[in-house]
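**Student:** sharing a sequence plus its predicted fold:
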Amino acid sequence: MIDAIAREDGFLRLADGEDLVAALGRLAVESAVILAGIGMVRDAAIGYWNGTQYGTTRLDEPAELLSLQGNIARHGQERIVHAHLCIAGADGVARGGHLMAATVHNTAEIALRLAPEIVLERIEEDGRLVLRPRLRAAADGED
């Protein structure tokens with residue numbers, strides 16, 4: 001659920017039980033930069049890219065969401081969420097990496113930066129979807 005969103009900035013509050021990645025991917029924005037995120041998550045899967053694939057570490061118990069950064073980019077009509085997070089369990093030990101999955105526990109508060117003049121797109125390159133930021137005029141075929 002979006003609590004407030006403006007032309008260039010947005011603030012998002014997600015409720016307990018929401019799928020963090022799916023909720024970000026459903027936002028009615030063409031693209032955005034995820035500036036910050038705090039709150040709590042559970043059932044988290046954190047990825048580490050070893051050069052050919054992601055290895056995944058799971059943390060099922062509730063954890064504090066210490067930080068969240070990344071972007072939301074388009075790939076055709078699909079929205080691709082590429083984000084990294086840092087979380088800490090009750091022991092206070094921080095773990096971080098690529099956000100593969102997480103369920104909001106209690107709440108998550110996320111700040112976004114919308115850049116209407118920029119289009120963030122994902123394109124296929126060497127079998128991967130890589131980010132290609134472009135000025136809107138170039139993305140729309142205008143020069």
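**Tutor:** Ah, there it is.
**Student:** counting by contacts, list what the longest strand along the chain packs against.
**Tutor:** Under DSSP state E, the strand in the chain containing the largest number of residues is strand 94-113. Packed against strand 94-113 by the contact rule (3 or more Cβ pairs under 8 Å, 6 or more residues apart in numbering; DSSP states H and E) you find strand 9-15, helix 20-25, strand 32-49, strand 54-59, strand 63-75, strand 78-88. Glycine gets a C-beta too; all of them are placed from N, C-alpha and C.
**Student:** okay if I get these as CSV plus distance to residue 113 and mean pLDDT?
**Tutor:** Listed next are the helices and strands packed on strand 94-113 as CSV, based on distance: least, Cβ to Cβ, whole Å; pLDDT from 0 to 100:
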stretch, distance to residue 113, mean pLDDT
strand 9-15, 6, 89
helix 20-25, 14, 95
strand 32-49, 4, 97
strand 54-59, 26, 95
strand 63-75, 9, 96
strand 78-88, 13, 96
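**Student:** test my guess that residue 74 contacts residue 29.
**Tutor:** No: taking Cβ atoms under 8 Å as the definition, residue 74 is not a contact partner of residue 29, at 9.6 Å.
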